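> have a look at this prediction, sequence included:
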Amino acid sequence: MSLSVRQRILWGNAAFAALALLLFTLAVRFLTAKLLHSALDRTLFDQALPLAQPLAAAPPPLRPGGQRLPVPLPFSPDTVTLIAPRRLPVRQDGPLPLSQSSFERAIQGELVYADEEVEGWPVRILSMPVRADDGSIIAVIQTGARLTSLAIALRGVDQALLLLSPMALLICLSGAALLTHRALAPVRALTDAAEQLAATDLTHRLPEPGGDDELDRQAKVLNRMLARLEASFTRQKRFTADASHELRTPLAVIKATTSLLLESELSASQRQALTGADEAADRAAHLVSDLLLLARTENGTLRVARQEVLLSEPIACAITDARALHEGLAAPVLLNIPENLHVHTDPQLLVRLLSNLLSNALRHTPAEGKVVVEAALGTSTLILTITDTGEGIGPEHLAKLGQPFYRPDTARARTHGGAGLGLSLCQGIVTALQGELRVESKLAHGTRVTLTLPL
């Protein structure tokens with residue numbers, strides 16, 4: 001399974017933090033060991049320095065026969081012991097050195113630090129040459145310290161680092177998560193701003209983070225694209241509005257002409273042809289009116305003239321208009337509306353809105369079904385519901401119903417009439433009235449449209 005961009009960034013930051021923590025731990029361990037060794041070397045040096053004077057060496061203890069005697073080491077398993085410095089003359093009759101190899105190197109004039117095992121103990125040995133006034137080496141000062149204490153100290157450091165590592169790792173992971181969150185904050189801001197863009201309102205622009213980096217350049221490119229889209233949509237809306245407005249006049253002339261001719265005496269074939277032309281002019285005029293209204297709702301030029309109106313009056317007008325469009329569909333329309341309910345709204349827009357909704361309900365409800373119109377008052381809203389027992393709408397179509405010219409069933413829509421603008425107009429009118437429209441439907445059970453308008 002592939003990881004998301006956020007997960008890749010998070011795990012990349014976490015891996016980098018863990019690697020940095022490991023390197024830091026190793027560095028602390030190395031520096032601690034080096035500092036402890038340096039401190040021990042300094043102690044040995046300070047201990048040996050007072051004896052490093054160009055004096056004659058004291059006669060060494062000898063075994064019978066002239067053999068060199070070893071000097072006992074004051075080691076104890078329970079104490080941290082420094083070996084008392086001893087002065088070893090260059091001649092071979094002195095006491096045994098702690099380290100023969102270091103002794104021989106010191107004779108050559110070298111200050112030697114060496115780690116060796118003496119009597120079963122790891123020992124840090126310092127061999128310091130002593131020079132006479134003429135510069136010749138006359139003795140070697142040797143001293144040492146058992147390394148057990150140093151090993152114990154380093155073991156304590158290792159244990160402390162092990163105990164602190166999980167906490168440090170957790171802090172690193174938390175820091176990685178925080179850095180990832182902060183790094184993706186501009187992306188989230190762009191996403192939130194993009195979600196606010198509506199399909200019909202492209203006036204908003206994405207925030208530009210600045211800095212001239214990849215994200216800033218991407219935001220600028222998207223804003224330029226939005227500007228081009230906005231200009232294109234504006235031209236399209238203007239063309240639709242202008243074309244619809246210009247088509248109203250010739251359609252009105254055609255309608256007047258066909259109506260006038262139908263009042264004269266005509267043959268059956270002439271009357272039939274003129275009747276078809278008259279009905280086509282009505283449908284075209286209705287479509288042009290819908291297009292013009294849709295263009296006005298989309299470009300924000302739809303005028304809303306609010307006034308006090310009795311709710312039953314626009315509902316009655318809407319039922320009459322819907323019945324006129326569907327004379328052959330006889331499903332009853334039942335009302336459940338409080339008496340003398342007055343609302344402050346635009347009556348013409350409300351009639352157009354309810355007429356479209358009722359037209360859709362009657363179009364898809366059989367004669368044995370019913371359409372119910374109900375009204376209720378909220379705290380500061382009017383809630384209108386139109387419920388039918390018709391065919392219903394599939395769930396795959398519900399999200400697309402507000403799109404212009406979208407029809408779930410093209411063949412059925414052409415049979416009953418309708419260009420797919422009804423719900424687009426309804427949504428535009430509801431937006432102009434500052435309300436909300438919600439559609440719920442289930443196949444073979446019917447549709448419920450809930451309209452919420454401010455009082």
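Yep, it's here. Residues are numbered from 1 along each chain as shown.
> how about the strands in the protein?
When secondary structure is read from DSSP state E, the chain shows strands at 82-89, 112-118, 121-131, 137-146, 307-310, 333-336, 342-345, 371-377, 381-388, 436-442, 446-454.
> which residues touch the nearest residue to Ser101 once chain neighbours are set aside?
What sits nearest to Ser101 in space, not counting adjacent residues and going by Cβ to Cβ, 6 or more residues apart in numbering, is Ala114, at 7.2 Å. C-betas here are computed from N, CA, C, even on glycine. Ala114 makes contacts with 99, 101-102, 124-125, 127, as judged by Cβ atoms under 8 Å, 6 or more residues apart in numbering.
> for stretch 156-166, what is the average pLDDT?
For stretch 156-166, the mean per-residue pLDDT is 83.
> burial measure for Leu23, as a count.
Residues contacting Leu23 under the criterion other Cβ atoms under 10 Å number 10.
> can you list the domains in the chain?
What automatic domain parsing lists as the domains of the chain is 1-51+79-183, 232-298, 305-454.
> what's the closest of those domains to Gly210?
Nearest to Gly210, of all these, is domain 1-51+79-183, at 15.4 Å by Cβ to Cβ.
> wait, isn't Pro97 in contact with Gln142?
Yes - with contact defined as Cβ atoms under 8 Å, Pro97 counts as touching Gln142 (5.6 Å).
> of these two, who's got more company?
Gln142 (26 against 20).
> which residues in the stretch 201-350 of the chain form helices?
Along the stretch 201-350 of the chain, counting by DSSP state H, counting those that start in this stretch, helices occupy 214-262, 268-299, 312-325, 347-363.
> can you give me the end-to-end distance of stretch 127-143?
Using Cα to Cα, to the nearest Å, one end of stretch 127-143 lies 7 Å from the other.
> now do the residue minimising distance to the centre of the chain against Ile141, distance only.
Most central in the chain under Cα atoms, centre = their mean is Arg188, positioned 5.0 Å from the mean C-alpha point. From Arg188 across to Ile141, the span is 71 Å (Cβ to Cβ, to the nearest Å).
> now do Ser99
Distance from Ser99 to Ile141, by Cβ to Cβ: 13 Å.
> same thing with Ile254?
Ile254 sits 125 Å away from Ile141, going by Cβ to Cβ.
> which of these two has more neighbours?
Ile141 (23 against 17).
> the more buried one contacts Pro85, correct?
Yes - counting by Cβ under 8 Å, Ile141 touches Pro85, with 5.5 Å between them.
> overlap in contacts of the two?
Counting by Cβ under 8 Å, 6+ apart, the shared contacts of Ile141 and Pro85 are 48, 51.
> what segments of the stretch 1-150 of the chain are helices?
5-48, 100-107, 148-183.
> most packed of those helices?
Neighbour counts (mean count of other Cβ atoms under 10 Å) averaged over each of the helices of the stretch 1-150 of the chain peak at helix 100-107, with a mean of 17.
> how many neighbours does Thr450 have?
So Thr450, with other Cβ under 10 Å, has 15 neighbours.
> from Leu382, how far out is it?
Thr450 sits 11 Å away from Leu382, going by Cβ to Cβ.
> ok, now which ones touch Thr25?
Going by Cβ under 8 Å, 6+ apart, Thr25 touches 161, 165.
> distance between stretch 370-385 and the chain's centre?
With Cα atoms, centre = their mean, to the nearest Å as the basis, stretch 370-385 stands 39 Å off its chain's centre.
> what does it rub up against?
Contacting residues not belonging to stretch 370-385 are listed as 311, 315, 319, 331-338, 341, 343, 354, 358, 361-362, 365, 386-389, 435, 448-455 [Cβ under 8 Å, 6+ apart].
> now stretch 265-278, how far from the centre of its chain.
The chain centre lies 66 Å from the centre of stretch 265-278; the measure is Cα atoms, centre = their mean.
> same check on stretch 36-43?
The chain centroid and the centroid of stretch 36-43 are separated by 54 Å, computed with Cα atoms, centre = their mean.
> before we move on, the earlier item: tell me the spacing between the residue nearest to the centre of the chain and Leu226.
To Leu226, Arg188 is 19 Å away according to Cβ to Cβ.
> chain neighbours aside, what residue packs nearest to Thr258?
Distance criterion Cβ to Cβ, 6+ apart; nearest residue to Thr258, sequence neighbours excluded, is Asp278 at 3.9 Å.
> what's the burial count for that neighbour?
For Asp278, the neighbour count with other Cβ under 10 Å is 16.
> and what of Leu384?
Neighbour count for Leu384, taken as other Cβ under 10 Å: 24.
> what residues are bridge-paired with it?
Residues in a beta bridge with Leu384, per DSSP bridges, are Ala375, Leu451.
> show the pLDDT at it.
pLDDT recorded at Leu384 is 91.
> now swap in the one 3 residues further on and tell me
Thr387 is assigned 92 on the pLDDT scale.
> contact partners for Ala18?
Taking Cβ under 8 Å, 6+ apart, we find Ala18 in contact with 169, 172.
> could you redo the last one with a cut-off of 6 Å?
The contact partners of Ala18, taken as Cβ atoms under 6 Å, 6 or more residues apart in numbering, number zero.
> thanks a lot, see you next time.
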